[in-house]
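Colleague: structure for this input, please:
(2 chains)
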Amino acid sequence: MKQHSEPGATRDEDADLARLRLVRVEEGAFEALYREFYPRLFDFVMRIVGSPVDVEEIINDTMLVVWNKSDEFAARSKVSTWIFGIAYKKALKRLKGNRRLAERELNLECEDVDARDPADTISDRALLEAIRGAVGRLPLAQRSIVHLAFFYGYTYAEIAEIVDCPVNTVKTRMFYARERLRPVLDKALDREKRDGHA
Amino acid sequence: MDTPETDAGTVMHPQHAQAAALLPWYVNGTLAADERALVRTHLGECLVCRREAQRLGHLARAVTGTLGEYGCSQAYARLATHIEGRAQPWYRRGLRALVGAIAPLPLAAGAAVLGCSAIAVALIVLGGTPPPASPGQSFQTLGQHRVAASTLDRPRLRVVLRDGVNTAARAAWLARHDAELVDGPSAIGVMTVTVPLASMPFEELVEDIRGDADTLFVEPVSAVGKRPDRQR
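Modeller: Coordinates of the predicted model:
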């Protein structure tokens, strides 16, 4: 089974499935599953809602669904894909309940990436932060796909399942995200080229 | 979907659009073998995609890194408490709801509600299923709790606090005794906690907890039905 690279956790889908199957029958299985997923979901939900205030509640709403529906999970997808999909929907629902955030996050056309070019003298650290900042300013639909691909290492098919859209939509959103990020990523390439020639 | 750049000297390849769309997943290493081969072959021929792959490499490195402290234990305790609350016996929840519904009504209306409720309860008993158990409620068995040897330095206790002890008071109780909540409180208020042995002998520790004004019941739990202090 493929092991995705993931900071702070080793993804073991077989273990996740075993824990899910035992949630209702073995003491501690639900807590183990919860503890396994909490850090993963924390980062994911935090990147969607942008505030730690709602994150725990969204995660607990998500895991409550997992608790209630664990018997119904048919293993047609990975456990993590299923759980991330629930979390994504819960986070979107929360965003939609917050009009101010929703206006900012859910309107794909309203906000462009800040295309300020990092100065030539910018440090590596600042360049890294500039890239992160640009990712953070992507519209939610694009930002989620960038994180699911590069932070969590999901396939495009898994991402499509998590965000509940066709595979081609995932690729299209990624394409637009790449377009928006190109200016700052070009700076990184220029830096790399210059350092390589130095 | 993708429009290839038209850099001077760049030859557009027929599979450019397909390979370009797959590049992010080539970089994150999740493509199937045939798609990976397609992209790899294309990268050998396309300068535009090689540059894009380099950009995506920078992007992948930039978005790694976690976002800080998680507070997982407290969050889990809150969820477990919530589930326990929902998992109260159906007759207890039903009775409470019934009393709440009848209380403000005149006598005749109350009798009607009572009659309908009795029919509903009978239907539930005959054909319904009980509500799902909670994480703690399913497994609570005094004296038969499986305990790893490594946890004996922090023996487990079953504890019931007095009625009226709310969440904040329970947290204060745990802090007073340096206790860590392992499970519960269940629907009937039973908690499993671990406590450190280092501070005082086990007997004294239990007596100390028993003497707490908020403690209603406390008993040690072990793997073989013996008290942890007698396993040594």
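Colleague: show me where pLDDT drops low in chain A?
Modeller: A:1-11, A:99-123, A:196-198 (pLDDT under 70).
Colleague: quick one: the helices in it?
Modeller: For chain A, applying DSSP state H gives helices covering A:13-22, A:29-49, A:52-69, A:79-97, A:99-105, A:124-136, A:140-150, A:156-163, A:167-197.
Colleague: so which of the ones you listed comes closest to B:Thr215?
Modeller: Set against B:Thr215 and scored by C-beta to C-beta, these come closest in helix A:29-49, at 24.3 Å. For the C-beta atoms, the positions are set from N, CA and C on the backbone; glycine is no exception.
Colleague: pLDDT weak spots in chain B?
Modeller: Looking at chain B by pLDDT under 70, you get B:1-13, B:65-70, B:87-114, B:116-118, B:120-153, B:187-188, B:198-199, B:222-232.
Colleague: change it to 50
Modeller: Residue ranges of chain B with pLDDT under 50: B:1-9, B:128-132, B:136-151, B:223-232.
Colleague: where exactly do the helices run in it?
Modeller: So, for chain B - with DSSP H - the helices run B:16-27, B:33-43, B:47-62, B:72-86, B:90-102, B:107-127, B:167-176, B:202-210.
Colleague: list the buried residues of the last one.
Modeller: Across helix B:202-210, burial judged by 16 or more other C-beta atoms under 10 Å in any protein chain shown covers B:202, B:205-206, B:208-209.
Colleague: cool, and stretch A:124-138?
Modeller: Per 16+ other C-beta under 10 Å, stretch A:124-138 contains these buried residues: A:127-128, A:130-135, A:137-138.
Colleague: quick one: which of the residues you listed is nearest chain B?
Modeller: A:Ile131 (3.8 Å; C-beta to the nearest C-beta).
Colleague: can you dump the C-alpha atoms of stretch B:16-32 in CSV for me?
Modeller: This file holds the C-alpha atoms of stretch B:16-32, laid out as CSV (Å, rounded to 0.1, in the frame of the first residue of the first chain):
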residue,chain,number,x,y,z
HIS,B,16,1.5,18.5,-23.7
ALA,B,17,-1.9,19.4,-22.3
GLN,B,18,-2.4,15.9,-20.7
ALA,B,19,1.1,15.9,-19.2
ALA,B,20,0.8,19.4,-18.0
ALA,B,21,-2.4,18.7,-16.2
LEU,B,22,-0.9,15.7,-14.4
LEU,B,23,2.3,17.5,-13.4
PRO,B,24,1.2,18.3,-9.8
TRP,B,25,0.5,14.7,-9.1
TYR,B,26,3.8,13.7,-10.8
VAL,B,27,5.5,16.0,-8.3
ASN,B,28,3.6,14.6,-5.3
GLY,B,29,4.4,11.0,-6.5
THR,B,30,0.8,9.7,-6.7
LEU,B,31,0.4,9.0,-10.4
ALA,B,32,-0.3,5.6,-11.7
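Colleague: in that stretch, what counts as buried?
Modeller: B:16, B:18-28, B:30-31.
Colleague: about what we covered before: would CSV of the helices of chain A with distance to chain B be doable?
Modeller: Shown next, in CSV, are the helices of chain A (distance: least, C-beta to the nearest C-beta, whole Å):
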stretch, distance to chain B
helix A:13-22, 11
helix A:29-49, 4
helix A:52-69, 4
helix A:79-97, 12
helix A:99-105, 17
helix A:124-136, 4
helix A:140-150, 4
helix A:156-163, 5
helix A:167-197, 4
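Colleague: how about stretch B:51-58, does it get close to chain A?
Modeller: Yes - applying C-beta under 8 Å from any C-beta of the partner chain, one finds stretch B:51-58 touching chain A at B:51-52, B:54-56, B:58.
Colleague: which residues sit against that stretch?
Modeller: Here stretch B:51-58 makes contact (C-beta atoms under 8 Å, 6 or more residues apart in numbering or on different chains) with A:131, A:150, A:178, A:181-182, A:185-186, A:188-189, A:192, B:20, B:23-24, B:26-27, B:43.
Colleague: same deal with stretch A:68-80?
Modeller: So stretch A:68-80 is contacted by A:11, A:13, A:16-17, A:19-21, A:23-24, A:37, A:40, A:82, A:158, A:161, B:132 (C-beta under 8 Å, 6+ apart).
Colleague: go on, stretch A:148-156?
Modeller: A:4-7, A:11, A:40, A:43-44, A:47, A:81, A:84, A:158-159, A:162-163, A:167, A:170-171, A:174, B:22, B:24-25, B:27-31, B:56, B:59-60, B:63-64.
Colleague: kindly recompute the last result at 6 Å.
Modeller: For stretch A:148-156, contacts defined as C-beta atoms under 6 Å, 6 or more residues apart in numbering or on different chains pick out A:4-5, A:159, A:167, A:170, B:24-25, B:28, B:30, B:60, B:63.
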